[in-house]
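In: after the sequence you'll find the predicted model.
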Amino acid sequence: MITKKGNTRFVLVFPKLGFVVKFPIVRISALWPAIINPWKYGWETESLIWKAPVSCFFSYKYLFFSGIVANWLEWRFWRRYKHPFIHPTWFSFFGLFNIQKYGKPINNDCYFAIGSSVAKTTNGASIECGHGLESSGNYCEVNGTIRLVDYGSVRTWRVIIRHGHKLMKLRVSECLIKY
Ligand SMILES: Nc1ncnc2c1ncn2[C@@H]1O[C@H](COP(=O)(O)OP(=O)(O)OP(=O)(O)O)[C@@H](O)[C@H]1O
Ligand SMILES: [Mg+2]
């Protein structure tokens with residue numbers, strides 16, 4: 001078993017068994033400031049941080065719930081579309097843990113190459129998803145082509161629906177552009 005850590009999920013990888021288990025990262029350390037800061041700095045400014053959406057990196061919703069939301073969205077997207085560009089998510093326990101098919105990692109040497117090839121193929125649409133479609137860690141390799149393992153964001157869904165059929169034809173060897 002191997003362990004991996006993303007920004008929002010902690011992943012147990014079982015390559016020989018052919019699956020991974022994704023757990024949300026809940027930043028408990030933010031609980032104390034979340035309670036204390038409104039007293040310290042006043043509710044007017046702190047309410048902005050409380051009300052900011054889960055997609056906003058400084059929000060309390062992100063710090064506490066982004067992993068659960070990502071897990072749940074990943075499961076919902078797979079269940080609804082079963083798009084061949086994404087790697088299957090087999091099960092979710094209300095976002096508290098997900099079971100996904102294991103995927104062979106992409107060679108990390110080509111971190112930018114995957115993202116830039118994906119950006120070209122999507123006419124720049126993937127750039128708006130930020131890290132989601134950029135990082136080679138979010139892809140795996142299937143028969144020399146790329147598949148996405150991290151799709152727990154609605155912005156990423158839109159790009160997959162629109163451009164996924166082209167992206168699944170991208171070959172890893174073609175992405176190995178030298179800078
Ligand atoms: N299906 C899979 N097969 C193999 N490894 C995986 C799989 N899913 C995730 N991983 C590994 O776990 C890491 C973290 O998973 P994932 O990208 O889903 O989490 P995240 O917290 O959403 O990441 P990010 O930091 O991109 O937001 C990945 O970069 C990858 O190395
Ligand atoms: Mg990721």
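Out: Received the coordinates, thanks. Numbers count the residues shown, from 1 in each chain. Ligands and ions are numbered 1, 2, ... in the order given.
In: from now on I want contacts and neighbour counts done on CA atoms only, so please keep to that.
Out: OK.
In: shaky segments in this structure?
Out: Counting by pLDDT under 70, the ranges of the chain that qualify are 108-111, 176-179.
In: so the chain: which segments form each domain?
Out: 1-102, 104-179 (automatic domain parsing).
In: got the ones you listed as CSV, with mean neighbour count columns?
Out: Formatted as CSV, those follow (neighbours: other C-alpha atoms under 10 Å):
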stretch, mean neighbour count
domain 1-102, 17
domain 104-179, 18
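In: can you lay out the ones you listed as JSON lines showing distance to ligand 1?
Out: Output for the domains of the chain, formatted as JSON lines (distance: least, C-alpha to the nearest ligand atom, whole Å):
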{"stretch": "domain 1-102", "distance to ligand 1": "3"}
{"stretch": "domain 104-179", "distance to ligand 1": "4"}
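In: ok, longest helix in this protein?
Out: Identified as the longest helix of the chain according to DSSP state H is helix 60-81.
In: and S55, what does it touch?
Out: When contacts are counted by C-alpha atoms under 8 Å, 6 or more residues apart in numbering, S55 touches Y62, S66.
In: any idea which helix or strand carries it?
Out: S55 belongs to no helix or strand when assigned by DSSP states H and E.
In: over to it: give its phi and psi.
Out: Phi and psi for S55, reported as degrees, to the nearest 10, are phi -80, psi -10.
In: what about the residue nearest the centre of the chain, is that helix, strand or coil?
Out: Central residue of the chain (C-alpha atoms, centre = their mean): D150, 3.5 Å from the mean position. Applying DSSP: H, G, I helix; E, B strand; the rest coil to D150 yields a three-state assignment of coil.
In: so who does the closest residue to it other than its chain neighbours touch?
Out: Excluding its sequence neighbours, the residue lying closest to D150 (C-alpha to C-alpha, 6 or more residues apart in numbering) is N138, at 5.2 Å. Under the criterion of C-alpha under 8 Å, 6+ apart, the neighbours of N138 are G132, L148, V149, D150.
In: who touches the first one in this structure?
Out: Yep, that's G132 we're talking about. Residues near G132 by C-alpha under 8 Å, 6+ apart: N138, D150, Y151, S153, T156.
In: ditto for the second one
Out: For L148, the contacting residues are F85, I86, H87, N138, Y139, C140, taking C-alpha under 8 Å, 6+ apart as the criterion.
In: which of the residues you listed fall in strands?
Out: Within the contacts of L148, residues falling in strands by DSSP state E are Y139, C140.
In: most widely separated two among the contacts of L148?
Out: By the measure C-alpha to C-alpha, F85 and N138 form the most distant pair in those, at 12.2 Å.
In: separation between P24 and S153?
Out: For P24, the distance to S153 (C-alpha to C-alpha, to the nearest Å) stands at 14 Å.
In: ok, Y41 next?
Out: From Y41 to S153 the distance is 32 Å (C-alpha to C-alpha).
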